[in-house]
Every structure is written in C-alpha cells, then in structure tokens.
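Engineer: Fold the stuff below for me.
(one chain, ligands or ions: 3)
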Amino acid sequence: MSIAVIVGSQWGDEVKGKIVDLLSKRYDIVVRYQGGANAGHTVQVGDKQFILHLIPSGILWENVKCVIGNGVVIDPKALLDEIKFLENLGINIKGRLFISQNAHLIMPYHKLLDSISESGSSKIGTTGRGIGPCYIDKYARKGIKIVDLRDKKDLEQKIKINIEEKNILLTKLYNQAELNVDEIIKEYLDFDDAIDQYITDVPSYLNSALNEDKSILLEGAQGTMLDVDFGTYPYVTSSNPTSGGACTGSGIPPTKISMVIGIVKAYTTRVGLGPFPTELDGEEGETLRKVGGEYGATTGRPRRCGWFDAFLLSYSRMINGIERAAITKLDVLSYLDEIKVCVGYEINGKKLSSYPTSVNQMMQVKPVYETLPGWKCDISDATTYDELPGTAKDYLSFIAQQSGFEIGIISVGPRRSQTIEL
Ligand code: GDP
Ligand code: IMO
Ligand code: MG
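Structural biologist: Numbers count the residues shown, from 1 in each chain. Ligands and ions are numbered 1, 2, ... in the order given. Below is the predicted model:
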C-alpha cells in the first residue's frame with residue numbers, strides 16, 4: 001500500500017494543508033511528524049476555512065485516522081483549543097486522534113525563552129511558539145514528554161527540576177522575574193484528564209497498520225529550506241521537515257516509504273529573517289503579496305515574496321527524493337505580463353555548481369533569470385490541464401524541467417475543486 005510523504009519544498013506555506021486534505025480521502029491514516037503549532041495549514045471546504053496547527057490536515061475526512069508523531073512538539077493548550085475548535089464544528093475527534101507518548105511538551109518557559117531570544121541580537125523571526133527552546137531541552141535530555149503527564153509525581157518532579165534551572169537562566173542571564181513553579185505544575189497536572197485518551201504507542205500502531213496493508217500519508221510542516229540540517233541555518237526551524245524526518249518523527253521504517261511528494265508554490269515566499277535570493281522588493285513584491293494573500297496563517301505576518309527559484313528546487317528535490325510535485329497558487333501569477341524563473345546562482349560572475357551551504361555565501365549570490373511570457377487570464381476555474389492557456393503550460397513545463405520533477409497536481413485556488421490532477 002502507498003506510504004507517501006508530503007514535504008514543503010521551499011520556506012513553508014507551500015499549500016501543504018490543502019493538498020494533504022485533498023489526498024487524505026485516499027488514505028487510512030495521516031501523520032504529522034515534526035514541528036508544532038508554528039505550522040499553519042489552511043484547508044478550505046466550500047466557504048469554510050480551517051487553519052490547523054497541530055492536528056493533521058486529514059481530520060476533515062471522517063474515515064481517516066490522524067496521528068501526531070514523536071517528532072512533533074506539543075503545546076497542550078494549543079492542542080486542546082484545536083480539538084475544541086474542531087468539535088464545535090461537528091468534527092469527531094475521539095477515537096480518531098492518536099498522539100505519540102514520546103512527543104515532547106512545550107512548556108510556558110519555552111515560549112518565554114523563545115520571545116527573550118527574539119528580542120536579542122540573534123533574532124530569527126520565529127513564530128514565538130516555543131519551538132526552538134523545546135527541541136533544545138529534548139536534545140539536552142531534559143524534556144518532558146506526553147507520557148509524563150500520566151505519572152503525576154514524576155511530572156511534578158520533572159517540572160520542578162526544569163524550572164529551577166530556567167529560573168537561574170531567567171534571573172541571572174536575562175534579568176527577568178522567576179517563574180511560579182506551583183502555577184505551572186497545577187496547569188500541567190490537569191492536562192492529563194483531557195489528553196490521556198489520545199496517548200498511543202505510535203510506532204506499534206503505525207507498524208500494525210502497515211502489516212494490515214493500510215495506506216499512510218505523512219504530513220510535513222514548514223519546508224526544506226527551514227530544515228535545521230539542510231536549510232538556511234541559522235534562519236531555520238529546529239526540526240527536520242525534510243522527508244528523512246518522516247521516519248524519525250513517526251516510527252515508520254525508511255524501507256516502507258513508497259513516494260515523496262513535494263509541495264511547490266509557483267513562486268517563492270518566506271516569513272521571518274534570512275537569505276532569499278529571488279525576493280522582490282518594493283512595489284513588485286507588495287503586489288505579489290496582495291494578489292497571493294501572502295500573510296501568515298499562524299502569526300498574520302506579511303510573507304516576503306519573490307520569483308520561482310528552480311536552483312533551490314533542484315536542491316530540495318535532491319535532499320527529499322521528490323519524484324512528483326504539486327504546483328500550487330498558479331492562479332496568483334495570472335496578472336503578470338512576464339514571469340521570471342531563477343535557473344542558477346552566481347557569485348562574482350561565477351556560476352555555482354551546487355547549492356550554497358552557508359548563509360554568508362547565500363547573501364552574496366545573484367540569481368540568474370530566464371523570462372517567460374505570462375498568460376494574463378483567469379485560470380482559477382480550470383479543472384483540466386487542457387483548459388490551461390499554452391503560456392501557463394509552458395511555464396509549468398519549464399519549472400518542472402529546470403527543477404527535475406514531474407508534476408502530478410496543479411492548484412489554481414484554495415478550494416478542493418480548484419485542483420487539476422494529471
Ligand atoms: P501550508 O502551511 O503549506 O499548509 O500553507 P498555508 O495554509 O500557510 O498557506 C496557503 C494559503 O494559500 C492559504 O491561505 C490557502 O487557502 C491558499 N491557497 C491554497 N491553494 C491555493 C491556490 O491554488 N491558489 C490561491 N490563490 N490560494 C491558495
Ligand atoms: P507551515 O507548516 C512558514 C519559520 C519562522 C521563522 C523560522 C523559525 O505553515 O509551512 P520557529 O517558530 O519554527 O522557531 O521559527 O521558521 N516558520 C515558518 N514559516 N511556514 C511555517 O509553517 C513555519 N514554521 C516556522 O517564520 O523564520
Ligand atoms: Mg502555513
């Protein structure tokens with residue numbers, strides 16, 4: 001059966017939510033494998049819009065089971081708010097949501113440390129959701145896991161030890177007030193009542209499903225260029241959104257993955273700081289942002305916008321093993337007379353043979369562009385490839401050929417119906 005990984009191929013917000021929702025009806029299980037409530041995945045059904053942060057985007061299909069893997073960092077309050085939000089809309093969660101016992105918990109001090117770090121000189125432009133500090137504790141082997149909610153005494157002890165250390169950091173290094181241990185313990189002791197029913201041995205659950213020939217869709221958050229190992233470090237998130245993270249973040253063995261689908265926006269966007277070679281400044285960038293509605297689904301921040309970068313995409317294809325791509329938001333480019341595509345980078349007039357690995361190098365690159373004609377007509381009602389104008393087809397062929405993938409899906413609007421499958 002098909003075990004497919006959905007990865008963001010650029011800097012996040014490539015329309016993963018819509019595509020996962022669309023494909024979910026053909027799968028038994030959808031799994032989030034990394035990140036946390038820094039993600040904002042939009043799904044539109046009719047006129048209703050849902051923005052999911054932690055719960056997999058397959059949740060709107062009644063027969064689909066949803067899993068939050070060990071690689072995800074969970075803010076319990078954000079999780080419970082999301083469950084309530086969905087239940088209020090009549091979506092059944094009980095018996096359909098499974099949360100890994102090994103997923104780490106985001107604690108109030110993670111969010112605080114995130115905001116303190118962002119006010120200093122090493123600002124990244126994070127979402128402020130405590131993601132980095134939580135992964136720091138995970139890898140420092142001090143983290144608190146979902147399963148720890150079950151043993152109240154142990155949980156209390158773990159919180160105390162952590163806060164003792166954080167209070168030293170807060171008062172001595174950052175000149176901040178101490179955290180109230182009792183308040184935090186009380187808040188976290190209460191979470192188990194609501195969350196316990198979802199706690200699962202996820203690797204066993206998923207591997208049993210594999211043995212029963214069930215199909216699984218793994219939903220990446222963020223994007224390849226925000227990967228802590230392969231992205232534009234340090235301007236990245238603190239996890240592995242790339243396809244390799246799908247295995248370590250869920251417990252599905254690499255040998256079972258049958259396909260990697262890259263979600264690729266027809267142009268490029270980025271939120272937060274860091275290099276962005278094809279970024280459009282001034283009016284051109286502002287117009288693309290307005291037409292594309294490029295404002296963050298989690299923080300509402302305006303997204304930086306620019307031309308499609310095929311050099312970046314061929315790197316992303318290589319790292320993830322992308323064979324097929326879903327090209328999204330093609331309709332947004334319909335207003336342009338001409339569209340530029342970056343086909344390579346130069347430094348001091350010399351073409352780079354491989355993608356730069358340092359931010360310093362990235363800051364110096366000059367994109368090499370090819371210019372293609374626009375199509376200048378509304379394509380948002382197209383439901384077949386043949387309905388697209390020739391110039392739009394040429395644009396698709398060009399970016400696919402330059403990036404080295406095949407196109408499987410084209411999205412021409414936010415609704416499920418605004419999709420062309422090839
Ligand atoms: P994700 O984080 O990758 O799931 O993407 P986001 O949900 O953050 O951002 C995608 C935005 O684009 C959402 O507002 C969607 O409703 C919208 N959208 C999705 N597909 C299309 C499309 O094909 N065309 C247009 N114009 N908007 C789209
Ligand atoms: P989805 O899943 C776009 C960016 C932040 C910041 C950097 C680090 O919706 O595509 P973090 O809070 O993770 O420590 O921030 O990563 N970032 C995203 N950008 N889409 C996202 O998620 C993002 N999640 C984090 O803007 O630059
Ligand atoms: Mg998003």
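Engineer: Ligand 1 contacts on the stretch 201-350 of the chain?
Structural biologist: 293, 297, 328-329, 331-332 (CB under 6 Å from any ligand atom). No exception for glycine: its C-beta is placed from N, CA and C like everyone else's.
Engineer: and if we set it to 8 Å?
Structural biologist: Proximity of the stretch 201-350 of the chain to ligand 1, by CB under 8 Å from any ligand atom, involves residues 221, 223, 263, 292-294, 296-298, 328-332.
Engineer: From those residues, pick the one nearest residue 341.
Structural biologist: Nearest to residue 341 out of those is residue 330 (CB to CB; 13.2 Å).
Engineer: what's the spacing between the closest one and ligand 3?
Structural biologist: Distance check for residue 330 against ligand 3: by CB to the ion, to the nearest Å, it reads 18 Å.
Engineer: still on that earlier bit, just the residues of the stretch 201-350 of the chain next to ligand 1 now: which is nearest residue 269?
Structural biologist: So of these, ranked by how close each gets to residue 269 (CB to CB), first place is residue 294, at 5.3 Å.
Engineer: Buried among the residues of the stretch 201-350 of the chain next to ligand 1? Make that a ChimeraX selection.
Structural biologist: Typed into ChimeraX, the next command selects the buried ones out of these (criterion: 16 or more other CB atoms under 10 Å):
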select :221,223,263,292,294,296,297,298,328,329,330,331,332
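Engineer: Okay, and which of the residues of the stretch 201-350 of the chain next to ligand 1 map to strands?
Structural biologist: Counting by DSSP state E, the members of those that fall within strands are 263, 328.
Engineer: quick one: secondary structure of the nearest residue to residue 49 once chain neighbours are set aside?
Structural biologist: Spatial nearest neighbour of residue 49, excluding adjacent residues (CB to CB, 6 or more residues apart in numbering): residue 42 at 6.3 Å. Recorded secondary structure, residue 42: strand (DSSP: H, G, I helix; E, B strand; the rest coil).
Engineer: OK, contacts around residue 42?
Structural biologist: Neighbour list for residue 42: 15, 17-18, 49-52, 297, 414 [criterion: CB atoms under 8 Å, 6 or more residues apart in numbering].
Engineer: So which residues of the stretch 251-400 of the chain form helices?
Structural biologist: Per DSSP state H, counting those that start in this stretch, the stretch 251-400 of the chain carries helices over the ranges 282-292, 310-320, 359-364, 390-403.
Engineer: Just the CA trace of the longest one, in CSV.
Structural biologist: Taking Å, rounded to 0.1, in the frame of the first residue of the first chain, the C-alpha atoms of helix 390-403 are listed here in CSV:
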residue,chain,number,x,y,z
GLY,A,390,-0.4,27.5,-23.6
THR,A,391,1.8,30.0,-21.8
ALA,A,392,0.8,28.6,-18.4
LYS,A,393,1.6,25.1,-19.7
ASP,A,394,5.0,26.4,-20.9
TYR,A,395,5.7,27.9,-17.5
LEU,A,396,4.8,24.6,-15.8
SER,A,397,7.0,22.6,-18.2
PHE,A,398,9.9,25.0,-17.7
ILE,A,399,9.9,24.9,-13.9
ALA,A,400,9.4,21.1,-13.9
GLN,A,401,12.3,20.6,-16.3
GLN,A,402,14.6,23.0,-14.6
SER,A,403,13.9,21.5,-11.1
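Engineer: How about residues contacting it?
Structural biologist: Taking contacts as CB under 8 Å, 6+ apart, the residues outside helix 390-403 that touch it are 264, 266, 308, 310, 313-314, 316-317, 325, 327, 330, 333, 339, 341, 343, 370, 372-375, 379, 385, 388, 406-407, 410.
Engineer: What about ligand 2: which of the residues you listed touch it?
Structural biologist: Counting by CB under 8 Å from any ligand atom, no member of these is near ligand 2.
Engineer: Brilliant, that's me finished.
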